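Visitor: predicted model follows, preceded by the sequence.
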Amino acid sequence: MIHHRLLRPKTLELFFGCHIQTLLLSCYPYATNELLRQLRAFQSLRHLSLVSCSLLTDQGLSVVRHLQRLQHLNLSACVKLTDACLHFIKGLPHLSHLALDQTKISDCGMADYLHSAPSALSHLSLNRTAITERTLRLLPQYAPSLVLLSLKQTEISDFSALQQLSHLHTLHLDDTCVSQASLAALASHPALSTLTLSGVQSVDGDRALQLVSGLPLAQLSLPSRHTVTDSGLHFLCRLEGLLELDLTDFTHISDEGLRHLPQLHRLRRLSLCNTPVTDSGLQHLQGLRHLEELCLDRTAVSSTGVARCITRLPLLQVLGLASTPVGDSVVRLGISRCKQLHKVNLSRTRVTDRGLRYLRQVPIAQVNLDGSGVTAAGVASLLAACPSIVSIRASHLQALSPEQLSDEELPS
């Protein structure tokens, strides 16, 4: 009914008596105060999402105080909501997840809410709000059980108070003006396992990586790509528990910097898209025995270099080679020997029908051949021979002349 925009206050009465536990009204254009009033009938509601319900006002949230079993409440981008709405959220004994992104809440409203001692609160999102350090200083005392806190695109620069949140394991500081002193204060946090700093330009990238290199991080998004260099990777590789590393567009990273990566022995996903990495750098990846995803789109690697690398990655499942100069040899010498591979991107490469014949040797499920040198007949033959394929893209195909093939790709 929501998909077809048929849900109205009157039609919602049809569900009175039902033990509804989850209601997702996100982006529903007819989510009004009147509609929300009907929710009082659903006392079993545990998860309520009202993302981008722009018609809702503070008074419309008054119904929430009657939903005493509510655990998850998402009010992100409800742009008319102010501090007054928090009055109705106080007193919900089981509320653990609260999202207030892009609302008009302020320090005053948050102080009033936090003083109500929301003991169950574990996940709090305040992205793109006007809250300041005043709110952060209250969190250790009044929300000590927080495990996730998101403060993206706020004006806060001093996050040092969060050091006292001993249970915090996920912190999002993307696009903030976090200070170097704040990062230094957080550097000794005992539990922080996920930290995102995307878009942060207030601290030199290499210095930021040095400061956080002692944390027990499994996931880290790096700060400004313009200030992270090979030196930063030296510090980064102290994070031996890291599971993911995205270096897409980090153009100051070179082959020399990659020599530190083997220390990240638990790494599962690595992206080097649009970096100056070459075959010389790929040799440093061969020790990443747990790597499952490798993306090399828009790099200057060769078929031989890629094949030599990926055949030493026994768990590789996803491979991206879009817009690279590789050709049929990468399939014959490399991809065909990766028996766990199920997704590969060969778009805008020099792969032809000859290479497709070797692709049949792996249980591939998804393949992208857009803009490559294969033919429609070759694609049809691949589909007939590989029942495991559930998704294939092959548009804008082009016939490659012998001059467009590298020596290693030329048929004997």
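Guide: Alright, I've got the coordinates.
Visitor: so what's the closest residue to residue 300 other than its chain neighbours up against?
Guide: Excluding the flanking residues, the one nearest residue 300 by CB to CB, 6 or more residues apart in numbering is residue 278, at 5.3 Å. C-beta: built from backbone N, CA, C; applies to glycine. For residue 278, the contact set (CB atoms under 8 Å, 6 or more residues apart in numbering) comprises 255, 299-301, 305.
Visitor: now, of those, which are buried?
Guide: 255, 299, 301, 305 (16 or more other CB atoms under 10 Å).
Visitor: among the residues you listed, which are located in helices?
Guide: Judged by DSSP state H, the buried ones among the contacts of residue 278 include residue 305 as members of helices.
Visitor: pLDDT and distance to residue 320 added to the buried ones among the contacts of residue 278, as TSV?
Guide: Formatted as TSV, the buried ones among the contacts of residue 278 follow (pLDDT from 0 to 100; distance: CB to CB, whole Å):
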residue	pLDDT	distance to residue 320
255	96	19
299	97	10
301	96	11
305	96	15
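Visitor: with respect to residue 65, which of the buried ones among the contacts of residue 278 is nearest?
Guide: Nearest to residue 65 out of those is residue 299 (CB to CB; 55.2 Å).
Visitor: how far away is the closest one from residue 351?
Guide: 16 Å (CB to CB, to the nearest Å).
Visitor: correct me, but residue 358 touches residue 331?
Guide: Yes. Residue 358 is in contact with residue 331 according to CB atoms under 8 Å; the separation is 4.6 Å.
Visitor: okay, those two: which has more neighbours?
Guide: Under the neighbour definition other CB atoms under 10 Å, residue 358 and residue 331 were set side by side, and residue 331 has more, 28 against 19.
Visitor: contacting residues around the host helix or strand of the more buried one?
Guide: Here residue 331 sits within helix 328-333, counting by DSSP states H and E. Residues from elsewhere that reach helix 328-333, judged by CB under 8 Å, 6+ apart: 303-304, 306-307, 311, 321, 346, 349-352, 354-356, 358-359, 408-409.
Visitor: give the rounded mean pLDDT of it.
Guide: For helix 328-333, mean pLDDT is 95.
Visitor: now do the helices in this structure.
Guide: 9-12, 33-37, 86-89, 107-114, 133-142, 180-186, 205-212, 230-236, 279-282, 303-310, 328-333, 353-359, 376-385.
Visitor: and of those helices, who's closest to residue 58?
Guide: Going by CB to CB, the one of the helices of the chain nearest residue 58 is helix 86-89, 7.8 Å.
Visitor: state the distance from residue 210 to residue 238.
Guide: Counting by CB to CB - residue 210 and residue 238 are separated by 9 Å.
Visitor: what about residue 295, distance to residue 235?
Guide: In terms of CB to CB, residue 295 sits 23 Å off from residue 235.
Visitor: hey, which of the helices of the chain is tucked in deepest?
Guide: Burial of the helices of the chain is given as mean neighbour count (mean count of other CB atoms under 10 Å); helix 328-333 ranks first at a mean of 25.
Visitor: now that helix, how far from the centre of its chain.
Guide: 31 Å (CA atoms, centre = their mean, to the nearest Å).
Visitor: what does the pLDDT read for the spatially closest residue to residue 286 that is not a sequence neighbour?
Guide: Spatial nearest neighbour of residue 286, excluding adjacent residues (CB to CB, 6+ apart): residue 312 at 4.2 Å. At residue 312, the model reports a pLDDT of 96.
Visitor: ok, back up a step: nearest to residue 118 among the contacts of residue 278?
Guide: residue 299 (48.0 Å).
Visitor: got a list of what that closest one touches?
Guide: 272-278, 324.
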